[in-house]
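**Q** When you get a sec, could you give me coordinates for this:
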Amino acid sequence: MDDTLVQTTLDFAAIKRAIGCPTSDDILTFIHNLACDERKAEANQVVLEHELQDAQTSVWLPGAEAFVALAKQHALPLAIVTRNCRQATEIKLNNNSIAIEHVITREDAPAKPDPTALLSIANSWQIEPSDIAYLGDYIYDIQAAHNAEMQAWLYKHQVGIDDYKACLSYIAKT
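**A** Sure thing, here's the model as predicted:
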């Protein structure tokens, strides 16, 4: 969803600083591994506040709305798998009138790169995973698609060279 359908303004570096997450660590994994429940709750609250603020300002990316309309016109099944929370996702969907009904958030399935969400979509559609293209903008998307044995399509509307290099490096290894 973020940076494939709608623009995101999440500042992951600021979130990491606020919760004491090392820059090289994944935020959700870091929070999950916190031993102290109080610290975990505080970190989750920081992430929630950032996500909700971001959700209020999200707008369609150029061409994304037309892409969704064209896919629907051709009766292609569409789904969203996001590491966002359900509340922020609903705000983004509603504020932008995104008419994609099949949405899986981090509350619904383990976060990407775990393939559980993608495999549940394939199962519900009764389509072999290898016949599904998963489009994403980050290495976790590429990894999740590979883990689900789906086609991985990298889309970057604004190329962040480090993100792009990480994805290419991962693809080269597989």
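
**Q** use CA for all of it now, contacts and neighbours both
**A** Noted.

**Q** Show me what counts as buried in stretch 5-12.
**A** For stretch 5-12, a neighbour-count test (16 or more other Cα atoms under 10 Å) marks 5-8, 10 as buried.

**Q** Save those as JSON lines, and put in pLDDT and secondary structure too.
**A** JSON lines is the format used below for those (pLDDT from 0 to 100; DSSP: H, G, I helix; E, B strand; the rest coil):
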{"residue": "5", "pLDDT": "96", "secondary structure": "coil"}
{"residue": "6", "pLDDT": "96", "secondary structure": "strand"}
{"residue": "7", "pLDDT": "94", "secondary structure": "coil"}
{"residue": "8", "pLDDT": "91", "secondary structure": "coil"}
{"residue": "10", "pLDDT": "94", "secondary structure": "coil"}
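
**Q** quick one: which of the residues you listed is nearest residue 64?
**A** Minimum distance to residue 64 across the buried residues of stretch 5-12 is 5.3 Å, recorded for residue 5 (Cα to Cα).

**Q** dump the residue contacts of that closest one.
**A** 60-61, 64-65 (Cα atoms under 8 Å, 6 or more residues apart in numbering).

**Q** rerun that using 10 Å as the cut-off
**A** By Cα atoms under 10 Å, 6 or more residues apart in numbering, residue 5 lies in contact with 58-65, 67-68, 80, 92-93, 96, 98, 136, 157.

**Q** repeat for residue 128
**A** Residue 128 neighbours (Cα under 10 Å, 6+ apart): 119, 122, 149-150.

**Q** What lies in contact with the helix or strand where residue 54 lies?
**A** According to DSSP states H and E, residue 54 maps onto helix 37-57. Helix 37-57 has contacts (Cα under 10 Å, 6+ apart) with 2, 6-12, 14-16, 18-21, 27-28, 30-34, 84-85, 87-95.

**Q** and residue 124, how far is that from residue 76?
**A** 14 Å (Cα to Cα, to the nearest Å).

**Q** repeat for residue 48
**A** From residue 48 to residue 76 the distance is 32 Å (Cα to Cα).

**Q** So for the two, which sits in the more crowded spot?
**A** Legend: neighbour count by other Cα atoms under 10 Å for residue 48 and residue 76, higher for residue 48 (16 against 9).

**Q** on that earlier part again, show only the entries of the contacts of helix 37-57 found in helices.
**A** 12, 14-16, 18-19, 27-28, 30-32, 87-95 (DSSP state H).
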